[in-house]
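[1] Mind folding the following:
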Amino acid sequence: MPDRDTFTMEQRDRQTRLSGVIDEHADLTFLGRLSGPQVTMNLRGIRRINSYGVRAWLEQIRKVPAGVAIEFVEVPPQIVDQINMVHGFIGGGRISSFYVPYTCEKCEAYEERLVQTDQCRKQEDLPKAQCAACGAIMEVDDVEEQYLQILRDTEGNA
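    Residues are numbered from 1 along each chain as shown. Next up, the predicted model:
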């Protein structure tokens, strides 16, 4: 079993699932070999990405063959940050769902909740989250504008 810092890519349930850490050791060359009209890429397992990983990702995302549409699902907060900071991070892909970190001010519970991009666009806001522990309404535990920005920036790709 690989350790949590090892980058892995696997095909499962018609999805390309990425996990671990994207750094100077991550082999991202598979991006240039993607095929088919539609590829679903699940990023939930990505724990961290460093500056070397961002550079390598950008080099490889540019090599995705023309005609291959990537749908990114379960995008974790650390990747949402990169999408907002680095132009072209998702290439010509689109984001279907992403995780938003929430915290409860009442009981200090923390959760990342999966939200659907289309649903957020319709509401023009992030969904409210009720704390599972105490029932209070949770607050976004990050700069909420970053998550709304990702909706605006990727709207043309939806």
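[2] isn't residue 93 right next to residue 72, touching?
    Yes. Under the criterion of CB atoms under 8 Å, residue 93 makes contact with residue 72 at 5.5 Å. Yep, even glycine has a C-beta here, placed from its N, CA and C like the rest.
[3] Need the overlap of contacts for those two.
    Overlap of the contact sets of residue 93 and residue 72 (by CB atoms under 8 Å, 6 or more residues apart in numbering) consists of residue 41.
[4] Looking at the two, which one has more neighbours?
    Ranked by neighbour count (other CB atoms under 10 Å), residue 93 and residue 72 place residue 72 first, with 25 against 19.
[5] Doesn't the more buried one lie inside a strand?
    Yes. Counting by DSSP: H, G, I helix; E, B strand; the rest coil, residue 72 is found in a strand.
[6] For residue 24, see how far away the closest residue in space to it that isn't next to it in sequence is.
    Nearest non-adjacent residue to residue 72, counting by CB to CB, 6 or more residues apart in numbering: residue 95, 4.8 Å away. Between residue 95 and residue 24 the computed distance is 26 Å (CB to CB, to the nearest Å).
[7] Does residue 55 belong to a helix, a strand or coil?
    Going by three-state DSSP: residue 55 is helix.
[8] ok, it - how many residues close by?
    12.
[9] which residues does it contact?
    Residues near residue 55 by CB under 8 Å, 6+ apart: none.
[10] Hmm, residue 104 is touching residue 130, no?
    No. Using CB under 8 Å, residue 104 makes no contact with residue 130, being 9.2 Å away.
[11] which residues are common contacts for those two?
    136, 138.
[12] Quickly run through the sheet partners of the longest strand anywhere in the chain, with directions.
    Looking across the chain with DSSP state E, the single longest strand is strand 38-49. Strand 38-49 has its sheet partners listed here by DSSP bridges as strand 15-22 (parallel), strand 69-73 (parallel).
[13] got a list of what the residue minimising distance to the centre of the chain touches?
    Centroid check for the chain by CA atoms, centre = their mean gives residue 75 as the closest residue, at 1.9 Å. Residue 75 makes contact with 43, 44, 83, 95, 97, 98, 99, according to CB under 8 Å, 6+ apart.
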